[in-house]
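Would you be able to build a 3D model of this:
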Amino acid sequence: MSACVPTRTTDPNRTERTHPPHSPPPSGPRRFRIAGADVSASIAVFLIALPLSLGIALATGAPLQAGLVAAAVGGLVAGWLGGSPLQVSGPAAGLTVVTADLIQRYGWRTTCAITVLAGLAQLGLGCLRVARGALAVSPAIVHGMLAGIGVTIAVAQLHIVLGGTPQSSVPDNLRALPAQLAQMRPASVSVSALTLALLLLWPRLPGRAGRLLRKIPAALIAVAGATAAAALAGLRLPKVDLPSWSNHALAGLPEGPVLGLVAAVLTTTLVCSVQSLLGAVAVDKLVAGRPGLPAGVGRSDLDRELLGQGAANIVSGSLGGLPIAGVAVRTTANVNAGAVSRNSTMLHGVLVVIATLLMVPLLELIPLASLAALVMSVGIQMVSLNHIRTVTRHREVWVYAVTTLGVVSLGVLQGVALGIAMAVAVALHRLTRTRITHEEREGVHHVHVRGQLTFLAVPRLSRALHLVPHGADTVVELDGSFMDHAAYETLQDWQKTHTAQGGTVEITGRHPGTRISEPSTVSDCRCRPWTAWRNHQCEGPQSTPPPEKNEDGSDGPEPDPTGAGRGHELARGISAFQRNTAPLVRSELARLAREGQRPSQLFLTCADSRLVTSMITSSGPGDLFVVRNVGNLVPRPGEESGDDSVAAAIEYAVDVLRVRSITVCGHSGCGAMQALLNSEPGGTRTPLERWLRHGRPSVERMADGSRPWGSLAGRAPEDPVEQLCLINVVQQLEHLRAHDSVARAIEEGTLELHGMYFHVGEAESYLLTDAEGGGAFDRVRETDLTA
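As a prediction, the model looks like this:
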């Protein structure tokens, strides 16, 4: 939510400025405060980060302290400098395979140096402001990379779970697995099985007690439970060993072949950056669904996030820590726990430091098998069935599969390179694959083009077009998103020749006569498919067609004093619907015809032609039960005077359709409100005047000096008309509550009432957040609606 400072106007000549309820006073020294929500969120994240950091360090073969160093630095440095306030950084499972390979090849001190160099590379990329470009990587490649890393982690940790030692690669681990199964240690398997069971069952605890217990992270419960069981049973197992910090190895000068070190730095930079940037984008989606966040939690600054991650990797590598990236599990826990600022991330880093210094005896009780089981479960979760379904639906499963197999068999950098090559091949295949068919139906020849029309498809297009006899009626259906110059010229030349020979040509799917590769007055229209029949002018240098010329040379179309031409607009609109839209919605409408309507909302708004309800609410068939009248008025019960249409619609929506909410929507520039302001009380001679008397209570509410004026996103209304438009929404909601069916449903808790205001000139929607006085309206966010 934006941190606008609302104003409340109690007198037309005086504006009183108020402050948001959680803002500091305007004067006096500013004190550093940590919100209680940040404290509780930091504890939740800390309880997850502690066992995971140790587990990831174990999986990489690094000193176990390195995981704790990375967790602390990720919280403090990346949390302070990063561009995503609620993202939690630290040692990530996605870096496990890369780091393990580096340690095996170059040793721990050189791996720390590579981490520092990767951080410097991230700083350079952040200064170049190329963070957005990293998101151009196909999601199928990213998900495939993470899946391959997950498989590698799971297979390697399986050996530790069985009581053995993992090999250096997935093929070697798979070959050694039969021998490991034959020599497995029952104690290790038992502790690992208990850890996995607690991880699986803890989030599914039933009942009210379960809801309370589930607030404790499952990872902490799993490791703590396995540790306690192993101690009580007296099992002799390898456990966490944290040597003295005086013996902790720091970064040294990199040693090894230059090309190998460069590839290692590039790989680390790539994985750290992509994982962190994608995590920041995911945080934005999580934050968008949370109401009441302060202004400091806006959209992530990806370039700043890259700079923060680079600084964190420099510090972590210098102090002997693992590479750092944004961690999805901790970030999700941070957001869900109610964090409101970056203080929660930084405080979790402080807690890791305290635990590292004071909890060493407790940490050294943890069996390594339990940590291995925890990390193995994380690796398994990285192979997401939801991601597989998504890439399959988008026909990119080959990209995903090649990337995953490449990472598993060859390594991260090689697997990503193979994924990019496959993505390019798939894109070229789609660009060149075009199906062109010709058939005759009821005397009309149909040429259907599926796919992109490029010069490679011109020979097939020409053959299909020459199958159409001279003088025949023809429909050319273009089902694609691209047409190059060669294909356009071929189609246009044939169209001119065919029409000159007495035939007719109708091109659907694209506006005939427009070049795809050049500016177009139709395809550039930003308002489609809600393009007005007349008086439509899109902004932009290429979007307004040149004015037509009359026979006398003047601009503009010929005047039509009879208005007879207007009837054709409806016919053209219907024809366009039948041709373009009906095929897309026919199956959905058929389903609704079978099942009947089940709308979730009653939407009551004005009859103004500029309000397109489905457009401003992004709704479709069957979503809204819409009632429209002049002024979006709701007559009080008993005052209908022969017109029960609104009351009947309300009763039908609430008692029969069982809608869950009712929205009253006003709008700017309402002619009914203007007429109310200009009318005299008691003037009810015409039907319009008799109807508008139901809006008189709104005028009286506006004239009541004891009530505060309404506000729109913190500002006062621009004029009395806008003020009355806002007040009218609040007043009509009161009228709604007076209806028996509405009052009964509200009392039962099955119905909510919402107020909404649409500013036509700004194309901006506002929701009623405070119904006192004239009402306070704020911009719409993805939050819970409140009446």
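
Sticking with the nearest residue to residue 399 once chain neighbours are set aside, tell me its helix or strand.
Leaving out its chain neighbours, the residue that sits closest to residue 399 by CB to CB, 6 or more residues apart in numbering is residue 140, at 4.1 Å. Every residue, glycine included, has its C-beta placed from N, CA and C. Using DSSP states H and E, residue 140 sits in helix 139-161.

measure residue 191 to residue 48 for me?
Residue 191 sits at a distance of 20 Å from residue 48 (criterion: CB to CB, to the nearest Å).

Let me fix that, I meant to ask about residue 736.
Shown here: residue 736 relative to residue 48, a distance of 46 Å by CB to CB.

Now do the helix holding residue 140: distance to the chain's middle.
25 Å (CA atoms, centre = their mean, to the nearest Å).

got the CA coordinates for it in PDB?
The C-alpha trace of helix 139-161 is given here as PDB (Å, rounded to 0.1, in the frame of the first residue of the first chain):
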ATOM      1  CA  PRO A 139      11.800 -20.300 -16.800                       C
ATOM      2  CA  ALA A 140      12.100 -23.800 -18.200                       C
ATOM      3  CA  ILE A 141      15.900 -23.500 -18.100                       C
ATOM      4  CA  VAL A 142      15.900 -22.100 -14.500                       C
ATOM      5  CA  HIS A 143      13.500 -24.800 -13.200                       C
ATOM      6  CA  GLY A 144      15.400 -27.500 -15.100                       C
ATOM      7  CA  MET A 145      18.700 -26.200 -13.500                       C
ATOM      8  CA  LEU A 146      17.200 -26.300 -10.000                       C
ATOM      9  CA  ALA A 147      15.700 -29.700 -10.600                       C
ATOM     10  CA  GLY A 148      19.000 -31.100 -11.800                       C
ATOM     11  CA  ILE A 149      20.700 -29.600  -8.700                       C
ATOM     12  CA  GLY A 150      17.900 -31.100  -6.500                       C
ATOM     13  CA  VAL A 151      18.500 -34.600  -8.000                       C
ATOM     14  CA  THR A 152      22.200 -34.300  -7.500                       C
ATOM     15  CA  ILE A 153      21.700 -33.200  -3.800                       C
ATOM     16  CA  ALA A 154      19.200 -36.000  -3.100                       C
ATOM     17  CA  VAL A 155      21.400 -38.800  -4.600                       C
ATOM     18  CA  ALA A 156      24.500 -37.600  -2.800                       C
ATOM     19  CA  GLN A 157      22.800 -37.200   0.600                       C
ATOM     20  CA  LEU A 158      21.200 -40.600   0.300                       C
ATOM     21  CA  HIS A 159      24.600 -42.100   0.900                       C
ATOM     22  CA  ILE A 160      25.000 -40.200   4.200                       C
ATOM     23  CA  VAL A 161      21.500 -41.200   5.200                       C
END
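
right, and residue 620 touches residue 614 too?
Yes. Between residue 620 and residue 614 there is a contact under CB atoms under 8 Å: 6.8 Å.

Of residue 191 and residue 48, which one has the most company?
The residue with more neighbours, out of residue 191 and residue 48, is residue 191; 30 against 23, by other CB atoms under 10 Å.

In a strand, the more buried one, correct?
No. Assigned with DSSP: H, G, I helix; E, B strand; the rest coil, residue 191 falls outside any strand and is helix.

Quick one: residues contacting it.
By CB atoms under 8 Å, 6 or more residues apart in numbering, residue 191 lies in contact with 226, 229-230, 235, 237, 367, 369-370, 373.

among the residues you listed, which are in strands?
Using DSSP state E, no member of the contacts of residue 191 falls within strands.

Now rank those residues by neighbours and give me the top one.
residue 370 leads the contacts of residue 191 on contacts (other CB under 10 Å) with 32 neighbours.

Ignoring the adjacent residues along the chain, who's closest to that residue?
residue 226 (4.0 Å).

low pLDDT regions in the stretch 501-650 of the chain?
The stretch 501-650 of the chain contains residues with pLDDT under 70 at 509-568, 640-642.

Which secondary structure element is home to residue 181?
Assigned by DSSP H and E, residue 181 belongs to helix 170-182.

CA atoms of that helix as CSV?
Extracted C-alpha coordinates of helix 170-182, given in CSV (Å, rounded to 0.1, in the frame of the first residue of the first chain):
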residue,chain,number,x,y,z
VAL,A,170,25.6,-38.4,-9.8
PRO,A,171,26.7,-41.3,-12.0
ASP,A,172,29.4,-42.4,-9.5
ASN,A,173,26.8,-42.1,-6.7
LEU,A,174,24.3,-44.2,-8.6
ARG,A,175,27.0,-46.9,-9.4
ALA,A,176,28.0,-47.0,-5.7
LEU,A,177,24.4,-47.2,-4.4
PRO,A,178,24.0,-51.0,-4.5
ALA,A,179,27.1,-51.5,-2.4
GLN,A,180,26.0,-48.8,0.0
LEU,A,181,22.6,-50.5,0.4
ALA,A,182,24.3,-53.7,1.3
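
buried set for it?
The neighbour-count check on helix 170-182 (16 or more other CB atoms under 10 Å) flags 170, 173, 177, 180 as buried.

Could you do stretch 374-394 as well?
Residues of stretch 374-394 classed as buried by neighbour count (16+ other CB under 10 Å): 374-379, 382-383, 387-388, 390-391.

Let's see the distance spanning that stretch from one end to the other.
Using CA to CA, to the nearest Å, one end of stretch 374-394 lies 32 Å from the other.

Narrow the buried residues of stretch 374-394 to those in helices?
374-379, 387-388, 390-391 (DSSP state H).

and for residue 620 and residue 614, which residues touch both?
By CB under 8 Å, 6+ apart, residue 620 and residue 614 have no common neighbours.

And the pLDDT at residue 750?
Here, the pLDDT recorded for residue 750 equals 89.

Wait, a strand at it?
No. Residue 750 sits outside any strand when classified using three-state DSSP, being coil.
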